[in-house]
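Asker: After the sequence you'll find the predicted model.
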Amino acid sequence: MTGPQKFYLGDIVRMRKTHPCGSDRWEVLRVGMDFRIRCLGCGHLVMMPRRKFERAVRQVLGGPNRPPAEDTGTPAGAGS
């Protein structure tokens, strides 16, 4: 295990279950012990504990406050 995953305000996440409106994409509005997220389909707001949120997230799609991806250590142009 690599440790706790980092989430940032404004992140767009894909959840495991779809919302009743049909969307599975949510925007993170609050991070901490509890998370507040907003459905991007209908705008519904949900608060949930961190542990439940981390288990429900399938993928982080990105966001305006997310730092650039860390360098993988492969030199540019390698492998071609």
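Answerer: Perfect, I can see it now. Computed from a prediction, not measured in an experiment: that's the story for all the values here.
Asker: L9 and G32 touch, don't they?
Answerer: No: the criterion here is CB atoms under 8 Å, and L9 misses it with G32 at 10.5 Å. Yep, even glycine has a C-beta here, placed from its N, CA and C like the rest.
Asker: More neighbours: which of those two?
Answerer: L9 (14 against 8; other CB atoms under 10 Å).
Asker: Helix or strand: which one has the more buried one?
Answerer: In this structure, L9 sits in neither a helix nor a strand according to DSSP states H and E.
Asker: Check R55 too.
Answerer: helix 50-56.
Asker: Pull out the buried positions in that helix.
Answerer: The neighbour-count check on helix 50-56 (16 or more other CB atoms under 10 Å) flags F53, A56 as buried.
Asker: counting contacts, what elements does it pack onto?
Answerer: Counting contacts by 3 or more CB pairs under 8 Å, 6 or more residues apart in numbering; DSSP states H and E, helix 50-56 is packed against strand 34-39.
Asker: Report the distance from the strand it packs on to the chain centre.
Answerer: With CA atoms, centre = their mean, to the nearest Å as the basis, strand 34-39 stands 10 Å off its chain's centre.
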